[in-house]
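>>> Starting from these lines, generate the structure:
(one chain, ligands or ions: 2)
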Amino acid sequence: MSDLQQDEFFMRRAITLARKAWGQTHPNPLVGAVIVEGGNVVAEGFHAQDGGPHAERVALANLGRAPKPGATLYVTLEPCSTHGRTGACCDAIRESGIRRVVVGATDPNPAHTGRGFEVLKAGGIDVTSGVLATECADLNLIFNQWIATGGPLLAAKVAITLDGKIACRTGESKWITGEAARADVHAWRRYFPGIGAGAATIMKDNPKLTARTASGEVWCPLRFVFDGLLRTVTDAHLPDVYTDEFRDRTIVVTTQHGGMGYVKKLRNMGVQVWVMDTPTQRVGFADFRRKCVEEKIGGVYFEGGAQLISELLRSRQLDYLFAYRAPLLFADDKAKTMFTGLRPERIDQAVRLSEVRNEVFGDDSLMRGRVTYP
Ligand code: AOF
Ligand code: ZN
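Ligands and ions are numbered 1, 2, ... in the order given. Okay, here's the model as predicted:
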């Protein structure tokens with residue numbers, strides 16, 4: 001193995017470790033670290049939760065002795081150089097006597113960016129940065145957004161045919177994508193603090209909006225129901241998200257036009273309601289974003305339907321898109337289309353994804369990336 005191959009090999013292990021805290025560190029990042037001596041991993045660590053010890057310190061503690069001369073620390077994120085809720089990792093590394101550090105992504109936190117490298121180098125440590133940097137940064141879609149903008153990552157998931165359809169002309173939509181793609185959706189549901197769906201989707205599908213984790217347990221994120229007029233609430237019927245065991249994790253986002261009687265009814269049942277002050281009968285996503293900032297909600301994963309997600313796009317509030325595409329063609333202009341409402345006349349007026357990642361799930365493929373507006 002060349003030196004670069006060796007660095008990438010151990011960085012991959014650090015990435016795997018970072019993922020162990022998938023969805024559990026917000027608003028802090030996922031970070032993994034390994035200590036290598038003589039070509040062998042001798043200690044590992046990851047950042048398990050917000051406010052907890054950092055990955056580098058966990059790995060050093062797990063080693064339980066001084067690193068041997070020639071030891072290398074691999075870490076997916078630039079070590080912190082300030083004393084936050086925990087001491088600066090750069091200090092811990094310098095004190096440990098480790099002489100070589102290999103880093104994945106640069107920390108986008110303005111308090112840290114680039115400083116960690118300087119501090120380590122000033123301490124006589126040999127620093128290699130940027131190893132699998134894209135993969136390491138990709139661990140932290142939400143943290144990267146929150147630390148740079150102070151706001152949440154509003155993301156949407158769509159499952160479409162090759163011609164961009166989400167249902168046949170009859171409305172049949174189950175299932176466009178296969179099982180492997182749907183399992184990946186569950187993993188992303190676990191990553192995001194909140195899931196969002198519109199009133200139409202709640203009424204049509206009565207979804208649970210929970211995630212099945214790899215170990216088979218059920219995880220319930222915050223579940224946002226966007227329902228400006230409270231159409232999902234009637235005297236006769238209520239969807240499962242308002243009545244199940246996780247109903248205190250459901251937040252109905254509505255307007256003052258929604259009928260205060262039903263707001264009270266929901267609150268009495270233990271469901272949370274955000275009444276947004278708006279002149280229209282629909283919830284504005286810029287207002288929703290501001291409310292997420294207030295409530296410190298780092299990201300929301302919108303799952304439908306087409307109208308809600310198109311509106312997010314039209315209002316330029318969609319930050320990230322997960323597009324699963326199945327090898328199907330409906331070739332029917334009466335089949336339901338995912339995105340509507342924009343009218344580009346030239347290609348350069350189109351919405352485009354950047355930082356694109358392509359992944360394969362059986363015969364389906366996922367293209368995901370940051371939404372950039374013309
Ligand atoms: C690291 N290793 O494992 C993590 C880092 O409030 P604190 O003390 O947890 O500090 C949070 C900041 O530290 C966070 O914004 C990010 O810049 C960095 N996170 N750094 O060296 C880690 N979790
Ligand atoms: Zn740190």
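
>>> Whichever residue of the stretch 151-300 of the chain sits closest to ligand 1 and residue 361: what is the separation?
Distances between the stretch 151-300 of the chain and ligand 1 by CB to the nearest ligand atom are smallest at residue 298, namely 11.8 Å. C-beta coordinates here come from the backbone N, C-alpha and C atoms, glycine included. Residue 298 sits 26 Å away from residue 361, going by CB to CB, to the nearest Å.

>>> Looking at these two now, which is surrounded by more residues?
residue 298 (23 against 18; other CB atoms under 10 Å).

>>> list the contacts for the more buried one?
Counting by CB atoms under 8 Å, 6 or more residues apart in numbering, residue 298 makes contact with 26, 27, 142, 143, 145, 146, 152, 153, 193, 292.

>>> try 7 Å this time
Residues counted as contacts of residue 298 (CB atoms under 7 Å, 6 or more residues apart in numbering) are 26, 27, 142, 146, 152, 153, 193.

>>> Take those and lay them out in CSV including distance to residue 278 and secondary structure.
Shown next, in CSV, are the contacts of residue 298 (distance: CB to CB, whole Å; DSSP: H, G, I helix; E, B strand; the rest coil):
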residue, distance to residue 278, secondary structure
26, 27, coil
27, 27, coil
142, 26, helix
146, 25, helix
152, 19, coil
153, 23, strand
193, 24, coil
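
>>> which of those lies closest to residue 369?
The shortest gap between residue 369 and any of the contacts of residue 298 belongs to residue 153, at 12.4 Å (CB to CB).

>>> What about that closest one, how many residues nearby?
22.

>>> So the residue in the stretch 1-150 of the chain that ligand 1 sits nearest to, which state does it fall into?
Scanning the stretch 1-150 of the chain for proximity to ligand 1 using CB to the nearest ligand atom identifies residue 84 as nearest, at 2.5 Å. Secondary structure, DSSP: H, G, I helix; E, B strand; the rest coil: residue 84 is coil.

>>> how about the strands in the stretch 1-150 of the chain?
Using DSSP state E, counting those that start in this stretch, the strands of the stretch 1-150 of the chain run over 32-37, 40-46, 72-77, 100-105, 126-128.

>>> State the distance from the closest residue to residue 24 other than its chain neighbours to residue 157.
Among residues not flanking residue 24 along the chain, residue 49 sits closest, at 5.6 Å (CB to CB, 6 or more residues apart in numbering). Distance, residue 49 to residue 157, using CB to CB: 25 Å.

>>> So for these two, which sits in the more crowded spot?
residue 157 (22 against 11).

>>> which residues touch that one?
185, 188, 301, 303, 322.

>>> Bridge partners for the last one, pull those for me.
Read it as residue 322. On the basis of DSSP bridges, residue 322 is bridged to residue 157, residue 368.

>>> what does stretch 76-87 rub up against?
11, 14-15, 18, 29, 31-32, 51, 53-54, 56-57, 88-90, 93, 103-107, 111-112, 115-117, 119-120, 136, 139.

>>> cool, stretch 129-147 as well?
The contact list for stretch 129-147 (CB under 7 Å, 6+ apart) reads 7-8, 11-12, 15, 18, 26-30, 76-77, 102-106, 108-109, 117, 152-153, 298-299, 319-320, 357.
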